[in-house]
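Visitor: Build the 3D model from these lines:
(one chain, ligands or ions: 2)
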Amino acid sequence: MTFLSGYIGIIGPPNVGKSTLLNRILGRKAAIVSPRPQTTRNRIIGIHHEEGVQMVFIDTPGIHMTRTPLHKSMVASALAVFQEVDILLVMVQLGEGDDAAVSPILKHLKGMKRPCLLLINKVDKVSKEMLLPLMADYAKRHPFDAIIPISALTGDGVDLLMNELRSRLRPGPQFFPKEMETDQTENFLIAEVIREKIYLHVRQELPYACAVTVEKIDDLPKRDLLTISARIHVETESQKGILIGRGGRMIQAVGRSARIELEEIFGVRVYIDLTVRVEKNWTRDTRALRRLGY
Ligand SMILES: Nc1nc2c(ncn2[C@@H]2O[C@H](COP(=O)(O)OP(=O)(O)OP(=O)(O)O)[C@@H](O)[C@H]2O)c(=O)[nH]1
Ligand SMILES: [Mg+2]
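Guide: Ligands and ions are numbered 1, 2, ... in the order given. Below you'll find the model as predicted:
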């Protein structure tokens, strides 16, 4: 039997559920998820293995109009995926203002030769009657090879999506070894889980000014303990104050939820030491961006 494989890009506006879909397909957390837009900042590869089949998914930052260097670098990494993949998944959701977010993306698809499937996500939130006219409308706007309503959250429609993808794979190499599920390092996953908890606990704009780096990891197998030193970088002193919170309450809450999740992921006890550091205007400084992984 010939081996079938391919690279599959997941693109779309922010917050539509791209990372949720990647995690659902892999059956594990590879990308962090939050109720706020612009959560994903890097492209993240997740590999789905089947007998004789390998699908390499690329989750990307949401595409949006932007000016700051951080967001520009995020959007550029998403747009680059258009050229690299064998199949493109364009994800949208239903809701106000979504059209403005989707139109520029559809423009980028013009003239593309690769198979391109449209995923309408979050169908668990809408009535089925709303779906048909919307699908017809999208079919008019771009010649998608298929339009598939799904719920990345409940898994509804995901089997159908996987069938559609399987039928479009071509003979190709096994790009990654069988045991490899993602290209992300342990350090990256730890930093991202901490960043996710900042999005969940800290209000307003502050999470957008945060970057996380892991400074040190000690794995003590005999004691079943992983000790992690991580640093949260913010742009100003006042942000530092808010992030730490009164009596350290905010930073402790972030650390606690990150610890609980990382203990689940790694199956050992975890201790996290979090410090906050001011890196002035890092979201605008290209050298700082590179240093922090963007
Ligand atoms: N109801 C519902 N919520 C969903 C579904 N998929 C994702 N969500 C929620 O939508 C929010 C955004 O999900 P993400 O997976 O972070 O979205 P994203 O497209 O990766 O966002 P960015 O990384 O910011 O571009 C989260 O609160 C998810 O729980 C779905 O199928 N149904
Ligand atoms: Mg995401």
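Visitor: Next, the contact list for the closest residue to ligand 1 within the stretch 51-200 of the chain, please.
Guide: With C-beta to the nearest ligand atom as the measure, G62 is the residue of the stretch 51-200 of the chain nearest to ligand 1, at 2.8 Å. (Each C-beta comes from the backbone N, C-alpha and C, glycine too.) Residues in contact with G62 (C-beta atoms under 8 Å, 6 or more residues apart in numbering) are 12-16, 18, 37-38, 40, 74, 78.
Visitor: Enumerate the residues of the stretch 151-294 of the chain near ligand 1.
Guide: For the stretch 151-294 of the chain, the contact set with ligand 1 under C-beta under 6 Å from any ligand atom comprises 151-153.
Visitor: Shouldn't V212 be within a strand?
Guide: Yes: counting by DSSP: H, G, I helix; E, B strand; the rest coil, V212 is located in a strand.
Visitor: now it: how far from E181?
Guide: 22 Å (C-beta to C-beta, to the nearest Å).
Visitor: who has more neighbours, the two?
Guide: V212 (23 against 16; other C-beta atoms under 10 Å).
Visitor: Hmm, that one is touching V234, no?
Guide: No: when contacts are counted by C-beta atoms under 8 Å, V212 is not listed as touching V234 (10.5 Å).
Visitor: For this structure, which element, helix or strand, carries the lowest mean pLDDT?
Guide: helix 98-109 (a mean of 87; mean pLDDT, DSSP states H and E).
Visitor: Tell me which other helices or strands that one touches.
Guide: helix 69-84, strand 87-93 (3 or more C-beta pairs under 8 Å, 6 or more residues apart in numbering; DSSP states H and E).
Visitor: export these to a markdown table and tack on distance to ligand 2, mean pLDDT and mean neighbour count?
Guide: Formatted as a markdown table, the helices and strands packed on helix 98-109 follow (distance: least, C-beta to the ion, whole Å; pLDDT from 0 to 100; neighbours: other C-beta atoms under 10 Å):
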| stretch | distance to ligand 2 | mean pLDDT | mean neighbour count |
| --- | --- | --- | --- |
| helix 69-84 | 10 | 92 | 17 |
| strand 87-93 | 10 | 96 | 23 |
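Visitor: who wins for proximity to G111 among those?
Guide: Taking C-beta to C-beta, helix 69-84 is the member of the helices and strands packed on helix 98-109 nearest to G111, at 10.9 Å.
Visitor: Quick one: work out the angle between that closest one and helix 98-109.
Guide: 50 degrees (axes from the mean of the first three to the mean of the last three C-alpha atoms, to 10 degrees).
Visitor: Helix 69-84 near ligand 1 anywhere?
Guide: No: against ligand 1, helix 69-84 shows no contacts by C-beta under 6 Å from any ligand atom, the least distance being 8.5 Å.
Visitor: just checking, what packs against that helix?
Guide: Against helix 69-84 (3+ C-beta pairs under 8 Å, 6+ apart) you get strand 4-11, helix 98-109, helix 286-291.
Visitor: Looking at those, spot the one closest to E264.
Guide: strand 4-11 (24.6 Å).
Visitor: Does the closest one reach ligand 2?
Guide: No: Strand 4-11 stays clear of ligand 2 (C-beta under 5 Å from the ion), getting no nearer than 8.8 Å.
Visitor: what's in contact with that strand?
Guide: With C-beta under 8 Å, 6+ apart, strand 4-11 has contacts from 18, 21-22, 52-60, 63, 78, 81-82, 84-91, 105, 165-166, 168-175.
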